[in-house]
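>>> I'll drop the sequence and a predicted model, then ask my questions.
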Amino acid sequence: MNSFLNNNFIKDYDSQHFLHPWEDCRTDNSEYKIITNSDGIYLFDENGKKYIDGPGGMWCVNLGYGRKEIAKEIALQCEKLSYFSPWFATAEPSALLAKKIATLTPKNLNTVFFTTCGSTALDSAVRFVHYYFNCLNKGEKKTIIAREKGYHGSTLLSASISGKERDKRVLDTIVSGIKFLSDVNPNLRGKCSEQEWCNQKVSELENTILEIGPSKVAAFVAEPVLASGGVIIPPKGYHKKTYEICKKYDVLYISDEVVTAFGRLGHWFSSEDVFDFTPDIITCAKGLTSGYIPMGATIISDSLIEDIKKSTHTNDLLFSNGFTYSGHPIASAAALKTIEIIEEEKILDHVRDITPYFQSRLNKLGEKYDCIGDARGIGLLGCLEGYSNPSLDEKKRLEIDHHFGSLIDKAAEKRGLLVRPIINMCVFSPPLIITKSEIDLMFDILDDAVSEVEKNLK
C-alpha cells in the first residue's frame, strides 16, 4: 500500500474516531494535517512540507524536536523500570527529579508533588490548599480567586478556575467557591497610567477578599503571564503587590508557571526571578519534559508543610490525592535529561541573550500595519493582536475578529509557519533553541502574511 493511500486512511480514521481538543462535534475534522516528522524547530507534514513550529507544540517543546539524548534516556528507563506504584515505593529517577527541582525553585519551595500534566497540577494545588486549611482547623477558607483571561487547565476544577469565558459556552463548570476578578490587560486602561491601572487591580483583589471575608478565602491563582489569554503581561509590580495583599489576609498564592517555567522567560521559574515575589505554591508542566512525555508538578513551600506538621487536628492528615502515574519513572528520566540539556547547553543564557532581538522584531511588525492593534511579548513569548473596532456590537466584532485570526493563520501556514490563532490574535512560543536567523525567517514570514491579510481586509 503506497503512502498516499496510507495517508488517506489515517485522515479517515482520524475523522471518524479521534475527537480533538476544542473540536466542534458537528464538523468533519479531516482538515487536520498529518505531521509525519520533525527536527529542531521544524515540523513536516504528509506531503513533506516544512513548517516552523511557532507555538512550540503547545508552549511545551522547549528543546525542539529530534533530541536523541532524551529518546535514549526514555528507552533505557523503559528497559530498566517502566513503572512503580507511588503508593508504596519510590524509584531513583523520581527521587532525583524531586531533589533537582527543589534546587531550581525559589529557596523555600522544596516539596514536589508529581502529576500528569498542568491541569492536574493545578487541581492538586487547589486540593492541597483546601487540605492545608482543613488541617489548621480553618475549614471555612474555601473560595478561590482568579482572573478573567487566565487559563489553568481542562479538568473540571482547573477549567472552572480558568477565566476564558468563551471556553465555557457549552461545557458546565463549577461556580460555587470561585470568584473572578476583571481583566488585568494594561491595554484596557484607557487614559489612566499603567501604575494607576496596577493599583486598581491590586485594590480589586483586596476589596474582593474583604467582600467575601478573609476567613473564607483560601487562595489566589495567577499566571505570571496570561499565556492562553493572549500573552497578557500584567503591569509592573502587580504580582508582588497582589502577593502582599494575600499575605495580609492569610490567603495563599498559587503561581501557575506551566508556560513560564523551564526557560520560557530565560529562568527556571519566573515568579521570583522575573516578577520579584515568591509564591506559596508553583505549578508546572510542559517545559519540564520539553513535551517529550506528559508530566506536571505541584511545588509546595516549606512553611505550609511545617504548619501542617504542627497541626493540632485530631484526625489522620492524609493528603488523599494522587495519580497512578505520579512520579512516573520514565517521565522523571525524561525530565532529568531535559534539565541536564538546559544546563549543559546554557539554554537560559541563550534565551536572555536572544530575547531583545525577538521582541524587537515583534514590535516592529506591530508598528508597521494598521490591522494590528497590539504587538506584545516577554521572553520568547509573543502575540500579534488584530485591531478590534470598539464601535461595533459584540456579535459583529467577534465575527470580524475570528475572520482576522483565520486569515493570519492560513496566510502564515501557506508560507511555512504555524501560529496559534486565538480569536483575533496569533501567539507564538517557539522552541528555546531558536537562532537569530530562524527568528528572522519566522518574522519575515509573519510580515509577508500580515501584508497579505491587510490587503484582503481593505
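Right, received. Where do you want to start?
>>> What is the neighbour count of residue 437?
Residue 437 has 8 neighbours, counted by other CB atoms under 10 Å. To be clear about C-beta, it is placed using only N, CA and C from the backbone, and glycine gets the same treatment.
>>> And it, its phi and psi?
phi -70, psi -30 (degrees, to the nearest 10).
>>> Tell me the bridge partners for residue 181.
Here residue 181 sits in beta bridges with residue 147, going by DSSP bridges.
>>> Kindly apply the preceding question to residue 426 instead.
Residues in beta-bridge contact with residue 426 (DSSP bridges): residue 384, residue 421.
>>> who are the neighbours in contact with the residue most central in space within the chain?
The residue lying closest to the centre of the chain (CA atoms, centre = their mean) is residue 259, at 3.3 Å. Counting by CB atoms under 8 Å, 6 or more residues apart in numbering, residue 259 makes contact with 59, 223, 225, 227-228, 286, 381, 429.
>>> what do you get for residue 424?
Taking CB under 8 Å, 6+ apart, we find residue 424 in contact with 373, 385-386, 388, 400-402, 404-405.
>>> mind putting these in CSV, distance to residue 205, neighbour count and pLDDT included?
Output for the contacts of residue 424, formatted as CSV (distance: CB to CB, whole Å; neighbours: other CB atoms under 10 Å; pLDDT from 0 to 100):
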residue, distance to residue 205, neighbour count, pLDDT
373, 27, 18, 93
385, 25, 24, 94
386, 30, 24, 92
388, 27, 16, 75
400, 33, 16, 79
401, 29, 21, 83
402, 32, 13, 83
404, 33, 26, 89
405, 31, 22, 89
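>>> about what we covered before: sort out which of the contacts of residue 259 are in helices and list them.
residue 59 (DSSP state H).
>>> Phi, psi for residue 220 please.
Phi and psi for residue 220, reported as degrees, to the nearest 10, are phi -110, psi 130.
>>> Chain neighbours aside, what residue packs nearest to it?
What sits nearest to residue 220 in space, not counting adjacent residues and going by CB to CB, 6 or more residues apart in numbering, is residue 145, at 4.8 Å.
>>> got a pLDDT number for the one you found?
Looking at residue 145, its pLDDT is 98.
>>> That one contacts residue 179, correct?
Yes - under the criterion of CB atoms under 8 Å, residue 145 makes contact with residue 179 at 5.0 Å.
>>> Between these two, which contacts overlap?
With CB under 8 Å, 6+ apart as the test, residue 145 and residue 179 both reach residue 208.
>>> And those two? Which one has more around it.
Using other CB under 10 Å as the criterion, residue 145 and residue 179 rank with residue 145 on top: 23 against 16.
>>> For the helix or strand containing the residue nearest to residue 220, what is the distance to the chain centroid?
Using DSSP states H and E, residue 145 maps to strand 143-147. From the chain centre to the centre of strand 143-147 is a distance of 18 Å (CA atoms, centre = their mean, to the nearest Å).
>>> Pull that strand out as CSV, backbone CA atoms only.
C-alpha atoms of strand 143-147 as CSV (Å, rounded to 0.1, in the frame of the first residue of the first chain):
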residue,chain,number,x,y,z
THR,A,143,-13.0,30.3,48.0
ILE,A,144,-10.5,30.5,45.1
ILE,A,145,-10.0,33.9,43.4
ALA,A,146,-8.7,34.0,39.8
ARG,A,147,-8.6,36.4,36.9
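>>> elements contacting the following helix or strand past it?
Moving toward the C-terminus from strand 143-147, the next helix or strand (DSSP H and E) is helix 156-161. Under the contact definition 3 or more CB pairs under 8 Å, 6 or more residues apart in numbering; DSSP states H and E, helix 156-161 sits against helix 118-135.
>>> Give me the contact list for the helix it packs on.
With contacts defined as CB under 8 Å, 6+ apart, helix 118-135 is touched by 113, 115, 139, 141-142, 144, 152-155, 157-159, 161, 218-219, 221, 252, 254, 256, 258, 281, 283-286, 296-298, 300, 304, 307-308, 311, 313, 317, 319, 321, 323.
>>> let's see it at 6 Å
For helix 118-135, contacts defined as CB atoms under 6 Å, 6 or more residues apart in numbering pick out 113, 115, 141, 152-155, 157-158, 218-219, 252, 254, 258, 281, 283, 285, 296-298, 304, 308, 311, 313, 317, 319, 321.
>>> which stretches of the chain form helices?
Under DSSP H, the chain gives helices at 3-17, 56-59, 68-80, 92-104, 118-135, 156-161, 194-212, 238-248, 270-273, 302-309, 329-344, 347-368, 394-414, 436-457.
>>> rewinding a little: buried ones among the contacts of helix 118-135?
113, 115, 141, 152-154, 157-158, 218-219, 252, 254, 258, 281, 283, 285, 296-298, 304, 308, 321 (16 or more other CB atoms under 10 Å).
>>> The closest residue to residue 149 other than its chain neighbours - how many residues pack around it?
Distances taken as CB to CB, 6+ apart put residue 229 closest to residue 149, at 3.3 Å, once the chain neighbours are dropped. Number of residues near residue 229 (other CB under 10 Å) recorded here: 23.
>>> ok, now residue 383?
Neighbours of residue 383 (other CB under 10 Å): 25.
>>> Provide a list of residues in contact with the closest residue to it other than its chain neighbours.
Distances taken as CB to CB, 6+ apart place residue 231 nearest to residue 383, at 3.7 Å, with adjacent residues excluded. Residues near residue 231 by CB under 6 Å, 6+ apart: 376-377, 381, 383, 427.
>>> tell me the two of those residues that are most distant?
Spatial extent of the contacts of residue 231 (CB to CB) is set by the pair 376 and 427 at 9.9 Å.
>>> From residue 118, how far off is residue 160?
15 Å (CB to CB, to the nearest Å).
>>> Among those two, which residue is more densely surrounded?
Neighbour count, other CB under 10 Å: between residue 160 and residue 118, residue 118 has more, with 30 against 21.
>>> Fine by me, we can end here.
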